[in-house]
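> with the input below, show me the fold.
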Amino acid sequence: MKGGVPMTSQNLVEMFRAQAQIHGEEPMLRAKRAGSWSWMTWNEARKQVDDLGAGLIALGVQAGDRVALLSENRPEWVICDLAILTCAAATVGIYVTLTAKQIEYQLADSGARVIIVSNEQQLSKVLKARDSLPGVAHVILIEGPPEKCEAQVLSLEEAMRGGRARDQEERERRVAMIEPDQLAALIYTSGTTGEPKGTMLTHHNFVCNCAATNQVLPAITLADRNLNFLPFSHVFGRTCDYYLMIYDGVPITFAESWEKVLENLGEVPPTFMSAVPRFYEKAHAGMMSTIERRGALRRRACRWSMKVARRVGALGRAGAPVSPWLRAKRALADRLLLRQLRAVMGGRLRFFVSGGGPLAKELAEFFYDIGMPVLEGYGLTETSPVTNVNRADRVKPGMVGPAIPGVEIKIAEDGEILVRGPNIMKGYWHKPEATAEALAGGWFHTGDVGYIDNDGYLAITDRKKDIIVTAGGKNVAPQLIENLLKTDPLIAEALVYGDKRSYLSALIVPAFAELEAVARSRGIPFNSRSDLVARPEVQQTYRDHIDGKLADLAPFEQIRKFTILDHEFTQQAGHLTPSLKVKRREVYQRYWELLEAMYASK
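Next up, the predicted model:
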């Protein structure tokens, strides 16, 4: 049975209520609490949403107001978001990794009247900025003792209780007045460069994006399960792991954290899952490291198995037949290795969806070959987000697929990708000039560069502003090189540099667990990470690996010099966005002296 219902819903609240009416006492939200997994049913969720919606109205939330939500993913995130929408208000989802100053900016810019926070740690950030935010009338705390805090801090239960004590007529009047074009979310761009902009997305943007995406993904049924770890503050997680699940009537299971995803995959194995490229990079590196640590005989068997899997995978992607003999070898490879690799991901996955950044072609091929195809897609915050996605019956690694129904894609004369469709944002909050620039000519200007092949599949080659032009006049797409390097199990991050220079250089962040294991196996002594990365043997190892990965690229795309860092890139240090993308310009500025030193002598 197909999970989705005939979609007559004009807004997200109607969509949720329609599914709650159908599924009632079936599970909707699943999370691990006190060491065990527990469910919340659709009916229980509907009751809490209604109570909190009425409670927010009692606190003075008006139609069109913005209510901020500063919380990790959890069942309450869904309850709070739907309650906010029930008031005909809009949700401002804020990343929990942001600092107090960054939170203050988004609260002030959005004009949020109420903010809901997950715990005392997040509450402390808000209270630091409270004096500068006279427009914030109330703070609601999901967990923790609000009695220890200053006035105007309510518990979530108190807010719900206030709703239960009210006449429900006003809440239902608000629901009835929600128009498709009404603001549903204000999502601030990750801010890889410049000041974050509040992207205005409507109910119609989200509903039509769910409907169109649902048409092109493999059929999602009521027997399917997903596992969520993508933050709902980011549009990819919001649409694909939350609203799409409601559209299909599929329960949402919350991973405990990024660090525990693999553990949770074994406990509540999903049948499909959405993730960002960093997840696939780490999973691949872990699998390869496990293989290399096996004994010589087993390593040979694993390498043979992967060779067979690659041959079968290449034929499958080309739509070519597989001979009975090769099928028999593939079955043996499955017993020797491939099913063990799939078991790392829970053993039940039918497909992955990848978004939020470019996925290396080699990684997409690897997961396809072992029996867990990754359907890479494309989109931005401003597009709600999905515009393109690979089709399960024709996966093209390295490309992001054809446009979804209702979306048009064209390539401008300078190579920029332009998008038009019902999923395009209303604009940027209080930024008419930026809105006019982004939507010039009736098309959304993505800032990405790419091309469309003869089958209508889109390929992303780079960010328009990230293109490196060497001193010799060669145009270089750094993301292509970086993605190739990150397929190496010893490389966690790579940042290419060289604009207006005679050659390319790179900053390399090691995969420290794998590097340290290699060092110990080779008897390389080290006392610290800085000592380790400076060892001549390690420098030569990375030289060999970098050259090997880039062997098929043009001479001007080779990395002549590189610097190995002795620490990881983190969100806390400002290297990464909350969606785990490298802040290119920020990193360039922070490591300016190291980058320049690679050009000091030849």
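
> which stretches of this structure have low pLDDT?
1-8, 146-151, 190-194, 601-602 (pLDDT under 70).

> buried residues in the lengthiest strand in it?
Scanning the chain for the strand with the most residues, using DSSP state E, yields strand 444-452. Of all the residues in strand 444-452, those buried under the rule 16 or more other C-beta atoms under 10 Å are 444-446, 448-450, 452. (Each C-beta comes from the backbone N, C-alpha and C, glycine too.)

> equivalent analysis for stretch 565-578, please.
565, 569, 575-578.

> which residues touch Ala63?
Ala63 makes contact with 87-89, 174, 177, according to C-beta atoms under 8 Å, 6 or more residues apart in numbering.

> and for Met399?
376, 390, 453, 457-459.

> among those residues, name the ones in strands.
Going by DSSP E, the strands hold 376, 458-459 from the contacts of Met399.

> hmm, which of the residues you listed are the buried ones?
376, 458-459.

> nearest to Gln19 among these?
Using C-beta to C-beta, Glu376 comes nearest to Gln19 of those, at 28.1 Å.

> measure that closest one to Tyr188 for me?
According to C-beta to C-beta, to the nearest Å, Glu376 stands 25 Å off from Tyr188.

> just to revisit the earlier point, the longest strand of the chain pairs with which strands?
Within its sheet, and counting by DSSP bridges, strand 444-452 is paired with strand 416-420 (antiparallel), strand 458-463 (antiparallel).

> between the ones you listed, which gets nearest to Ser274?
strand 458-463 (17.9 Å).

> farthest-apart pair in the contacts of Met399, please.
Greatest spatial distance in those: Glu376 and Asp453, 14.4 Å, computed using C-beta to C-beta.

> and the buried residues of stretch 565-578, which two are furthest apart?
Using C-beta to C-beta, the buried residues of stretch 565-578 reach their maximum pairwise distance at Leu565 and Pro578, which is 21.2 Å.

> rewinding a little: for the ones in strands among the contacts of Met399, which one is nearest Ala600?
Out of the ones in strands among the contacts of Met399, the member with the shortest distance to Ala600 (by C-beta to C-beta) is Ala459, at 36.8 Å.

> list the contacts of the closest residue to Leu380 other than its chain neighbours.
Nearest non-adjacent residue to Leu380, counting by C-beta to C-beta, 6 or more residues apart in numbering: Thr446, 6.0 Å away. The contact partners of Thr446, by C-beta under 8 Å, 6+ apart, come to 380, 382-383, 416-419.

> and with 10 Å instead?
Contact analysis of Thr446 by C-beta atoms under 10 Å, 6 or more residues apart in numbering lists 378-380, 382-383, 387, 409, 412, 416-419, 438, 460, 463-464.

> which of those count as buried?
Buried among the contacts of Thr446 (16+ other C-beta under 10 Å): 378-380, 382-383, 387, 409, 416-419, 438, 460, 463-464.

> and which of the residues you listed is nearest Gly64?
Once C-beta to C-beta is applied, the member of the buried ones among the contacts of Thr446 that ends up nearest Gly64 is Glu382, at 20.9 Å.

> ramachandran angles for that closest one?
Per-residue torsions, Glu382: phi -70, psi -10 (degrees, to the nearest 10).

> helix, strand or coil for the nearest residue to it once chain neighbours are set aside?
Nearest residue to Glu382 in three dimensions, chain neighbours excluded: Met425, at 4.5 Å (C-beta to C-beta, 6+ apart). Three-state call for Met425 (DSSP: H, G, I helix; E, B strand; the rest coil): coil.

> any idea how far Met425 lies from Tyr243?
16 Å.

> what's the spatially closest residue to Ser124 that is not a sequence neighbour in contact with, if anything?
In this structure, Ser124 finds its nearest non-sequential neighbour in Ala100, 8.0 Å apart by C-beta to C-beta, 6+ apart. With contact set as C-beta under 10 Å, 6+ apart, Ala100 has these partners: 122, 124-129.

> let's see 7 Å
Taking C-beta atoms under 7 Å, 6 or more residues apart in numbering as the criterion, Ala100 is in contact with 125, 128-129.
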